[in-house]
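Trainee: Everything below, folded, please.
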Amino acid sequence: MSDWSRRSILGVALGAAITPLAGCGGGPAPTTFDLSAPREGLRRSTSGRRAIIVAEPTAVSTLDSERIVVRAANAELTYLPRAQWSDRLPRLVQTRLIQTFENSGRAAVGRPGDRLAGAYQLLLDIRAFEIREASREAVVEVAVKLVNAGTGAVSSARLFTATASVGAIDGAGASQALDQALAKVLADITAWAAAVG
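Mentor: Model (predicted):
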């Protein structure tokens, strides 16, 4: 058989293998889920409020997307099929933390670029935001630094972690459990950042 014939057969075989994959994206659109800012159970205050700038959190590329992460029993990371967040996770967490501060009244709060006199900046790193299949729980872990915006000195730092049990590992079950765990983390960050010296 000539080289030309071999290449032709190989091309036909590859074409046949690739064609079905091209149609895989034509399934139903993913369902979009949102995260919420807690309102209840916040320690509220309007006196002695400090100014806080909330930076967009950093995250590894697996978490820096709209996809919902599931850690399988063998530690493999996958995305929940046909489900997504309403925005990139870091930007969504930033928005909900700002809203939590506003709901608590414990700080004058803004984003980078907002002019807030004497402000502190919150630097966040999302370490975990996932459903763990083996333990059937949602895990949220965020490392936070409170930085004096004027001097750049770190005033305080802390790791915040919360979990919530998950029933069905599907879009509705996963998003609800992650929202519950995040609400605890956001409330704790708000109280801590407003109180530390």
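
Trainee: Can you give me every residue that contacts Gly173?
Mentor: Applying CB atoms under 8 Å, 6 or more residues apart in numbering, one finds that Gly173 lies in contact with Val166, Gly167. Any C-beta I mention is one placed from the backbone N, CA and C, and that applies to glycine too.

Trainee: same question, the one 5 residues further on
Mentor: The neighbourhood of Leu178, defined by CB under 8 Å, 6+ apart, consists of Leu35, Ile68, Phe129, Ile131, Ala138, Val140, Ala164.

Trainee: quick one: which of those residues sit in strands?
Mentor: Counting by DSSP state E, the contacts of Leu178 place Ile68, Phe129, Ile131, Ala138, Val140, Ala164 in strands.

Trainee: which helix in the protein runs the most residues?
Mentor: Longest helix of the chain, by residue count under DSSP state H: helix 171-195.

Trainee: Just give me how far it sits from the chain centre.
Mentor: 11 Å (CA atoms, centre = their mean, to the nearest Å).

Trainee: what residue ranges in the protein score low on pLDDT?
Mentor: For the chain, the stretches with pLDDT under 70 are 1-26, 41, 43-48, 197.

Trainee: can you tell me which residue is nearest the centre of it?
Mentor: The chain has Leu89 as the residue nearest its centroid, 3.5 Å off, counting by CA atoms, centre = their mean.
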